[in-house]
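J.: coords below, sequence missing:
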């Protein structure tokens, strides 16, 4: 290991519960609505009162992607502990195990966070730490909703600006005709959900080799990324009992540290605690800072990409199905001006030891240039026809 890339401070945290930042009030239905709108997920179950009333739950229900909303750090906190001097961080991926329990307005969700492990490899950034941590999301009755294992990528700050792709500084231009065609493609996936409605997608009717309908959204913009950011509840002043957090002590450079999520500064000058403007998150919205960490222009949030995967699979599964397990390996960012295209193929069918009927898929996320953004596998529970 390089002398100036020392990760040994992480060791003291592994396997031990770290502080979280719990919500001060129960969730509201409008928190759910804000989330699905920001995630480009127009599933009526999650925002339309009358449609949700006719569902199996009889009321508005949150999507399975929702638990990451309810704490600071959107899942990456346990994968970002320990000091690595003069370093930056990017999301590297997520793995989810869902229990089938769902979140509703009025719930109070807690998160137990435990750093898991790390390894150091040489990448395009030079020596790079791949650090993992677990989140256990439970409701007010202590029932486990989901476990999330998040991966953070930490690397020397100097490597960020040195590796940025200058050829990607400018956003692509889209003609009106191209945008019209995109809207048609985008709505085709929405129509698929309307066609299924409250009905079942039967396990029996799905065959190995089937292709899931493509999901398209974008072009992404600074405005759409900002909308995503604002749907994470911790970005609103006063929503959490915030933990003590010193970003410079973690090794973030001064210009990328600041007071993001600082509970003391929130009461003095809360604008300084807002990651949209200051701190490590501002690279998402300001190309100047994006380029200092290795991104050519404004870019989306890794946690949102993980939500896009869950929503894509859950929207296809329908009201009577659900995502049991999924992996999402982030390979490239959602850059401003780009479009995101999701596809998946059914690669297996099985029945597990609990008698659940599973569809196994490989999923892929790319942009309009066919550049890989994310890939992974998932198992989806579907109902079996009676008899």
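T.: Here it is on my side, so go on. In this text, all values refer to a predicted model and were calculated from it rather than measured experimentally.
J.: so what touches the top helix by length along the chain?
T.: Assignment by DSSP state H gives helix 176-196 as the longest helix of the chain. Contacts to helix 176-196, defined as CB atoms under 8 Å, 6 or more residues apart in numbering, come from residues 42-44, 174, 213-219, 315-316, 318-319, 339. For glycine as for every other residue, the C-beta is placed from the backbone atoms N, C-alpha and C.
J.: in strands, which of these fall?
T.: Among the contacts of helix 176-196, the subset assigned to strands under DSSP state E consists of 215-217.
J.: residue 133 - that's part of a strand, no?
T.: Yes - with DSSP: H, G, I helix; E, B strand; the rest coil as the criterion, residue 133 is located in a strand.
J.: distance-wise, check it relative to residue 82.
T.: Using CB to CB, to the nearest Å, one obtains 11 Å as the distance from residue 133 to residue 82.
J.: between the two, which is the more surrounded one?
T.: Neighbour count, other CB atoms under 10 Å: between residue 133 and residue 82, residue 133 has more, with 26 against 21.
J.: who touches both of residue 133 and residue 82?
T.: Shared contacts of residue 133 and residue 82 (CB under 8 Å, 6+ apart): residue 115.
J.: pLDDT wise, what is the residue nearest to residue 339 when sequence neighbours are not counted at?
T.: Once flanking residues are discounted, residue 339 sits nearest to residue 218: 3.7 Å by CB to CB, 6 or more residues apart in numbering. Reading off the per-residue confidence, residue 218 sits at a pLDDT of 94.
J.: can you pull the contacts of residue 218?
T.: 182, 224, 334, 338-340.
J.: from those, pick the one nearest residue 367.
T.: residue 338 (4.4 Å; CB to CB).
J.: can you pull up the bridge partners for residue 132?
T.: For residue 132, the beta-bridge partners are residue 117, residue 151 (DSSP bridges).
J.: what about residue 331, neighbour count?
T.: A count of neighbours around residue 331, defined by other CB under 10 Å, yields 16.
J.: what about it, distance to residue 183?
T.: If you measure residue 331 against residue 183 using CB to CB, the figure is 27 Å.
J.: what's the answer for residue 11, then?
T.: 51 Å.
J.: which stretches of this protein form strands?
T.: Using DSSP E, the strands found in the chain span residues 87-98, 110-123, 126-138, 144-156, 215-217, 322-330, 340-351, 357-367, 372-381.
J.: the last one pairs with which strands?
T.: When you say that, I think you mean strand 372-381. Using DSSP bridges, the neighbouring strands of strand 372-381 in the sheet come out as strand 322-330 (antiparallel), strand 357-367 (antiparallel).
J.: residue 232: which of these is closest?
T.: Among these, strand 322-330 comes nearest to residue 232, with 17.4 Å by CB to CB.
J.: what lies in contact with the closest one?
T.: Where contact means CB under 8 Å, 6+ apart, the residues beyond strand 322-330 that reach it are 64, 90-98, 100, 302, 305-306, 309-310, 313-314, 317, 356, 358, 363, 373-381.
J.: are any of those buried, and if so which?
T.: The neighbour-count criterion (16 or more other CB atoms under 10 Å) marks 64, 90-98, 302, 305-306, 309-310, 313-314, 317, 356, 358, 363, 373-381 among those as buried.
J.: save the strands of the chain as CSV, and put in distance to residue 201 too.
T.: Written out in CSV, the entries for these read as follows (distance: least, CB to CB, whole Å):
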stretch, distance to residue 201
strand 87-98, 17
strand 110-123, 31
strand 126-138, 26
strand 144-156, 21
strand 215-217, 15
strand 322-330, 11
strand 340-351, 12
strand 357-367, 9
strand 372-381, 9
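J.: residue 37 is nearest to which of the ones you listed?
T.: Nearest to residue 37 among the strands of the chain is strand 215-217 (12.0 Å), distances taken as CB to CB.
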